[in-house]
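J.: A predicted structure for the sequence below; I have some questions about it.
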Amino acid sequence: MDTSRVPRHVGVVMDGNGRWAQRQGLPRTEGHGAGEVALVDTVYGALALGVKALTVYAFSTENWRRPVDEVRYLMNFNQGLLIRRQHELHADGVRIVFSGRRDWRVPKRVLKNMDEAAQLTAKNKKFTLNIAFNYGGRAEIVDAVARLVADKVPAGKVDEKAIRSRLYHPEIPDPDLVVRTSGEYRISNFLLWELAYSELVFSDVLWPDFRREDLYRAIEEYQRRVRRFGGVEQ
Ligand code: IPE
Ligand code: IPE
Ligand code: MG
């Protein structure tokens with residue numbers, strides 16, 4: 001691995017929890033629980049390599065379509081994960097932020113823990129963990145456009161900069177690499193604006209089995225790619 005060409009920002013679609021559980025005769029929700037180890041190992045693996053930011057897709061705006069019990073489990077699980085992990089992440093210099101809609105469907109107690117984790121870690125500079133929660137790429141663009149209108153930006157002043165600056169976290173550079181696990185080859189409404197020029201790597205590993213070595217394999221593949229951004233190779 002070329003440690004001088006490490007992506008600054010990696011996005012991860014953490015997929016395959018339900019299949020992981022079902023393969024072992026367990027209820028789907030057990031797979032979400034087993035994904036915690038994968039997440040923590042991936043965060044620390046990224047940190048150790050010098051990646052500056054990781055955006056993880058934890059709950060999409062479409063995941064509300066799942067059975068109520070699974071949705072409830074996911075709300076509780078994500079809240080518990082913050083409570084369990086925020087102090088060690090804070091001690092290790094991780095800033096925790098969130099991308100997504102704070103709408104009526106997210107329980108108030110979950111929002112409260114999100115705010116606490118964000119506040120606790122707000123000044124950390126080493127690494128940013130961006131948790132995409134109740135996140136949709138289209139919703140993010142819609143919300144940015146709504147802010148443009150609220151800010152009374154005239155049509156002639158609407159450009160990419162004006163939109164980008166109204167996304168959830170404009171301070172985080174676009175992801176250089178987006179990884180999706182579980183052998184699905186789609187984006188599922190993740191970071192639609194931001195991934196315009198990201199390198200995409202798909203892994204067959206189911207999320208609960210994913211470890212930093214799998215991240216490093218994805219980064220090695222990223223390093224074999226030639227990024228042109230619409231230009232020509234020099
Ligand atoms: C990803 O795993 C986690 C969330 C979407 C919250 P899934 O629950 O989608 O697992 P599969 O894709 O059904 O196996
Ligand atoms: C994407 O996975 C969302 C998250 C990982 C949170 P899904 O499992 O919801 O995506 P689809 O339904 O397979 O496209
Ligand atoms: Mg899935």
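T.: Done, it's in. Numbers count the residues shown, from 1 in each chain. Ligands and ions are numbered 1, 2, ... in the order given.
J.: got the contact list for stretch 69-86?
T.: Under the contact criterion Cβ atoms under 8 Å, 6 or more residues apart in numbering, stretch 69-86 has outside partners 28-29, 32-33, 36, 39-40, 58-59, 63-64, 66, 96, 106-107, 109-110, 113-114, 116-117, 120-121, 131, 133. (Each C-beta comes from the backbone N, C-alpha and C, glycine too.)
J.: so which of those residues are in strands?
T.: Counting by DSSP state E, the part of the contacts of stretch 69-86 found in strands is Ala58, Phe59, Ile96, Ile131, Phe133.
J.: farthest pair within the residues you listed?
T.: Greatest spatial distance in the ones in strands among the contacts of stretch 69-86: Phe59 and Ile96, 15.2 Å, computed using Cβ to Cβ.
J.: circling back to that earlier point, filter the contacts of stretch 69-86 by proximity to ligand 1?
T.: Phe59, Asn63 (Cβ under 6 Å from any ligand atom).
J.: filter the contacts of stretch 69-86 to the buried ones?
T.: Using 16 or more other Cβ atoms under 10 Å as the burial test, the contacts of stretch 69-86 include 28-29, 32-33, 36, 39-40, 58-59, 63, 96, 106, 110, 113-114, 117, 120-121, 131, 133 as buried.
J.: so which residue is smack in the middle of the protein?
T.: Val56 (2.1 Å; Cα atoms, centre = their mean).
J.: show me the contacts for the residue in the chain positioned nearest to ligand 1.
T.: Closest residue of the chain to ligand 1, Cβ to the nearest ligand atom: Gly18 (2.9 Å). Taking Cβ under 8 Å, 6+ apart as the contact definition, Gly18 lies against Arg28, Gly31.
J.: okay, it: pLDDT?
T.: As predicted, Gly18 sits at a pLDDT of 98.
J.: in three-state terms, label it for me.
T.: Of the three states, Gly18 takes helix under DSSP: H, G, I helix; E, B strand; the rest coil.
J.: who in the protein is up against ligand 1?
T.: Met14, Asp15, Gly16, Asn17, Gly18, Arg19, Phe59, Asn63, Leu74, Ser182, Trp207.
J.: tell me, how many residues neighbour Val13?
T.: Close neighbours of Val13, defined as other Cβ atoms under 10 Å, add up to 26.
J.: beta partners of the nearest residue to it once chain neighbours are set aside?
T.: In space, and not counting its chain neighbours, Val13 is closest to Arg180: 4.0 Å by Cβ to Cβ, 6 or more residues apart in numbering. Arg180 forms beta bridges with Val13, Phe202, as assigned by DSSP bridges.
J.: mind listing what Arg180 touches?
T.: For Arg180, the contact set (Cβ under 8 Å, 6+ apart) comprises Val12, Val13, Asp15, Arg186, Ile187, Leu200, Val201, Phe202, Ser203.
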